[in-house]
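Participant: Sequence plus the predicted model coming up.
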Amino acid sequence: MSQHTSSYTINGKEMSFETGRMAKQANGAVFAKLAGSAVLATACCSSKASEGLDFVPLTVEYNEKYYAAGKIPGGFIKREARPKDREILVSRLIDRPMRPLFDKAFGREIQLVPTTVSADLINPPDILAINAASAAVHISDIPFNGPIAAVRVCYLSGSYIINPTYDEIAKSELEIVVAGSEEGITMVEGGAAEVSEEVMIAAIEAARPPIAGICRTIKDMRAAIGKEKLSLSPLKVTLANKEEIESMAKEKLAIAIFTKGKQERHDAVAAAIAETRAAFGAALEEDEVQLKLFDSLMEDIQYKLLRSGILDKGKRVDGRGLEDIRSISCETGVLDRPHGSALFTRGETQSLVTITLGTSFDEQVLDDIEGDRRETFMLHYNFPPFSVGEVGRLGTGRREIGHGHLAKRSVERLIPAKEKFPYTIRVVSEILESNGSSSMATVCGASLALMAAGVPLKAPVAGIAMGLISEGERYAVLSDILGDEDHLGDMDFKVAGTEKGITGFQMDIKIANVSTGILTKALDQAKRGRMHILSVMNKTIALPAQDISEYAPKILMLKVDVDKIGAIIGPGGKNIKAMCDQYGVKINIEDDGTVSIFGINSNSAEAAKAAVLGIAQDPVVGTIYQGTVKRIMDFGAFVEILPGKEGLVHISRLSKTRIASASEVVKEGQSIPVKLLEIDKLGRLNLSYIDALADSEKK
């Protein structure tokens, strides 16, 4: 293949696509650049096809090389290892809009490997990776009904920015990644700071022109240097007795598919299929291909029955109306020792959410190509096989990471700043049952559990999953979809937010185009559903608890002068180590003078705070201190008023009447109030016990 370069310019930034110079043995390879960021994307397929596959054997392995940013990996192993969460999330962004455009009849394994090889730390490489992967497949010999393209859209200071920089993303009120074809949008994912539905729609609309422009650029590349596509491997046989099988199965499935209850419906559908198969068993059992065709027909019948029931009769498989939300149950404080917990149940989807409050020592340290960073808010999502009544292996897969990320970004902007709530927060969602949008159940459960834990959320947040069934000009938008409606429908559309606006958004569309009118209706309907869910949640807990759990660490924060940091730490850390040992606490000091004290209880934390202030504060004349008698002399008593700072109470200042010895009034180790009368020229502190008592009596 000869070298070829095409480009497309967005907001003055040129995105270029080059092929024919690198990775020439791949079926397709594209080197994409945007300013100083670059991604090399390759597409390969296996040499042999498997006939009759009912899925697309596609894998996407996005990866970031540390050398791209001039870095050496941290830790002991100085090479890239297992995929980081962000690499998995970008892989999903590439997979989701592209997978529906591959034909199952191709039958070959397909692997896409987009690699970030240069990162300027200004322009995110993930958008480049999506476009480069699409271009690599489209110019290759792998059959593909594309291309697709993607852009990132931010809403900042009233304007929509296409493909913003990292700095612009950090400042934005909304940030979404939008992917689609020249005909329309097929995927949206992002988060926002409680923006309106109108702002979200406008952001999606702003993405349409550049997406169409990039798609045209990729099409022009194919026209210039594209390879001839490989042939598909469709089954060359048909199902014997198809009409008779379809007639019998349709009659039975028409009843079974509308059985209420997930397990009951599953059993009824399985029984209907088993009866049909038994009736034609002789022909089916002898031929594996016939069995595959039979299974495909059963799926197709269910697909048509579900959709016709909704479009023709407004009837969903569980009997609900199009906008009806399943019954909701909310509980908080269901576990004793976690610092917060909640059980959220919506229909047959249930999430047990726990909160753990930690200190700055528990922060998540991330080593990315942009540099080391720390996270004080974590949300982990677990989907065990028993949640759907199955046997399987426990573990964290790409689905768990993706769902957890969506829930996290839906809640994250509502978490108070570290200055207001100095805890590291870990949220864990255990999905105990699943039949439709466990990620949105996680959002609801997380909101309940965080408030129960005393985390001062800016507002409660809830999520809802929407669906779409369309046929020509007819369509129906479904609220709170079931697993079957997700699987057999045209759109999976998740929206999370508060009463004020949207905080999290994810949309996957399986059809060529969804109009602005449908999106607007879906968002309006989702808002009504979200408000209903929030109203139910608020009956259980509407405001954060006043106090955190007695089992959570106690954190106190204070500010000291920067020039006092050295004195607090002491030579070789002597002072700070001594305070940690004495009071049973941990102390962390930032370069700006922020001191964080972590204690197992309030008393220990307060005592340590007083000790730190004692070192950081200078004695003030006229102040009354609660001091400790350290030594008794003939002429008076030495009293420590602040850690390491002692003064003398002369015998004449211990009593209004004449005494022979200071021991007549005080004893070593005794705590007494003293007033600082003077700091002499030599820096000595002159204290008075009787003046402190007199001032106290006046009050």
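Facilitator: Noted; the coordinates are in hand. Given the structure is predicted, the values throughout are model-derived calculations rather than measurements.

Participant: After the worst-scoring helix or strand of the chain on mean pLDDT, which helix or strand is next?
Facilitator: Among the helices and strands of the chain, helix 281-285 carries the lowest confidence by mean pLDDT, DSSP states H and E, at a mean of 68. Counting by DSSP states H and E, the next helix or strand C-terminal to helix 281-285 is helix 288-313.

Participant: The very next helix or strand once past that next one - contacts with which helices or strands?
Facilitator: With elements assigned by DSSP H and E, the helix or strand that comes after helix 288-313 is strand 328-332. Secondary-structure packing of strand 328-332 (3 or more C-beta pairs under 8 Å, 6 or more residues apart in numbering; DSSP states H and E): strand 340-346, helix 438-452, helix 516-540. From N, CA and C alone the C-beta is placed, and that goes for glycine too.

Participant: For N27, find the nearest of the ones you listed.
Facilitator: Nearest to N27 among those is helix 438-452; the distance by C-beta to C-beta comes to 34.3 Å.

Participant: got the angle between the following helix or strand past the closest one and helix 288-313?
Facilitator: Beyond helix 438-452 on the C-terminal side, the first helix or strand identified by DSSP H and E is strand 462-471. Counting by axes from the mean of the first three to the mean of the last three C-alpha atoms, to 10 degrees, strand 462-471 lies at 100 degrees to helix 288-313.

Participant: relative orientation of the longest helix that the chain contains and helix 516-540 in degrees?
Facilitator: Longest among the helix segments of the chain by residue count, using DSSP state H, is helix 197-225. Computed by the same axes, to 10 degrees, the angle separating helix 197-225 from helix 516-540 equals 130 degrees.

Participant: Show me what secondary structure element comes after helix 197-225.
Facilitator: Proceeding N to C from helix 197-225, the next assigned helix or strand is helix 242-256, under DSSP H and E.

Participant: Give me the contacts around that next one.
Facilitator: Contacts made with helix 242-256 from outside it, assessed by C-beta atoms under 8 Å, 6 or more residues apart in numbering, are listed as 239, 265, 268-269, 271-273, 275-276, 279-280, 294, 297-298, 301-302, 305.

Participant: what about that helix, average pLDDT?
Facilitator: Mean pLDDT, taken over the full extent of helix 242-256, equals 89.

Participant: Same check on stretch 653-672?
Facilitator: This predicted structure assigns stretch 653-672 an average pLDDT of 89.

Participant: Give me the contact list for it.
Facilitator: With C-beta under 8 Å, 6+ apart as the test, stretch 653-672 has contacts from 626-637, 639, 649, 651, 677, 687-692.

Participant: In ChimeraX, select just the buried ones from those residues.
Facilitator: Here is the ChimeraX command that selects only those of the contacts of stretch 653-672 that count as buried (16 or more other C-beta atoms under 10 Å):
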select :627,628,629,632,636,637,639,649,651,677,687,688,689,690,691,692
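
Participant: So which of the contacts of stretch 653-672 are in helices?
Facilitator: Secondary structure of the contacts of stretch 653-672 is defined by DSSP H; positions in helices are 689-692.

Participant: quick one: which of these is nearest to G483?
Facilitator: Within the set of the ones in helices among the contacts of stretch 653-672, A692 lies nearest G483; the separation is 73.0 Å, counting by C-beta to C-beta.

Participant: where does the stretch 201-350 of the chain dip in pLDDT?
Facilitator: In the prediction, the stretch 201-350 of the chain carries residues with pLDDT under 70 at positions 282-286.

Participant: thinking again about what came up before, mind checking how far the longest helix of the chain is from the chain centre?
Facilitator: In terms of C-alpha atoms, centre = their mean, to the nearest Å, the centre of helix 197-225 is set 26 Å apart from its chain centre.

Participant: Tell me the buried residues in it?
Facilitator: Neighbour-count burial for helix 197-225, with 16+ other C-beta under 10 Å as criterion, is recorded at 197, 199-200, 202-204, 206-208, 210-215, 217-219, 221-222.

Participant: Could you look up the SS state of P164?
Facilitator: Applying DSSP: H, G, I helix; E, B strand; the rest coil to P164 yields a three-state assignment of coil.

Participant: which residues touch it?
Facilitator: Residues in contact with P164, defined by C-beta under 8 Å, 6+ apart, are 152, 154, 156, 172, 175.

Participant: could you pull out the helices for the stretch 351-500 of the chain?
Facilitator: Shown for the stretch 351-500 of the chain, the helices assigned by DSSP state H, counting those that start in this stretch span residues 398-412, 438-452, 483-488.

Participant: Output the ones you listed in a markdown table, with distance to L253, mean neighbour count and mean pLDDT appended to each entry.
Facilitator: Formatted as a markdown table, the entries for the helices of the stretch 351-500 of the chain read as follows, by distance: least, C-beta to C-beta, whole Å; neighbours: other C-beta atoms under 10 Å; pLDDT from 0 to 100:
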| stretch | distance to L253 | mean neighbour count | mean pLDDT |
| --- | --- | --- | --- |
| helix 398-412 | 28 | 22 | 95 |
| helix 438-452 | 26 | 30 | 97 |
| helix 483-488 | 12 | 19 | 84 |
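
Participant: quick one: which of these is nearest A496?
Facilitator: Among those, helix 398-412 comes nearest to A496, with 3.6 Å by C-beta to C-beta.

Participant: how about the CA coordinates for the closest one, as CSV?
Facilitator: As requested, C-alpha coordinates have been extracted for helix 398-412 and formatted as CSV (Å, rounded to 0.1, in the frame of the first residue of the first chain):
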residue,chain,number,x,y,z
ARG,A,398,-14.4,-4.5,31.6
ARG,A,399,-18.1,-4.4,32.2
GLU,A,400,-17.6,-3.8,35.9
ILE,A,401,-15.1,-1.1,35.3
GLY,A,402,-17.3,0.7,32.8
HIS,A,403,-20.5,0.6,34.9
GLY,A,404,-18.5,1.7,38.0
HIS,A,405,-17.1,4.6,36.0
LEU,A,406,-20.5,5.8,34.8
ALA,A,407,-21.8,5.7,38.4
LYS,A,408,-18.8,7.4,39.7
ARG,A,409,-18.9,10.3,37.3
SER,A,410,-22.7,10.7,38.1
VAL,A,411,-22.0,11.2,41.8
GLU,A,412,-18.5,12.7,41.8
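
Participant: ok so, going back, show me the contacts of stretch 653-672 that map onto strands.
Facilitator: 626-633, 636-637, 639, 649, 677, 687-688 (DSSP state E).

Participant: re the thing from before, figure out which of the helices and strands packed on strand 328-332 is closest to L414.
Facilitator: Across those, L414 has its closest neighbour in helix 438-452 (8.0 Å, C-beta to C-beta).

Participant: what's the most distant pair in the ones in strands among the contacts of stretch 653-672?
Facilitator: Using C-beta to C-beta, the ones in strands among the contacts of stretch 653-672 reach their maximum pairwise distance at Q626 and M633, which is 21.2 Å.

Participant: I651 contacts G636, correct?
Facilitator: Yes - because the distance of 4.6 Å satisfies C-beta atoms under 8 Å, I651 is recorded as touching G636.

Participant: hmm, back to that, just tell me which of the helices and strands packed on strand 328-332 ends up closest to K13.
Facilitator: Of all the helices and strands packed on strand 328-332, helix 516-540 comes closest under C-beta to C-beta, at 26.5 Å.

Participant: the inter-axis angle of the closest one versus strand 328-332?
Facilitator: With the same axes, to 10 degrees applied, the angle from helix 516-540 to strand 328-332 works out at 50 degrees.

Participant: For the buried ones among the contacts of helix 242-256, write the corresponding PyMOL selection.
Facilitator: Buried residues within these, by 16+ other C-beta under 10 Å, are selected in PyMOL with:
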select buried, resi 239+265+268+269+272+273+276+280+294+297+298+301+302+305
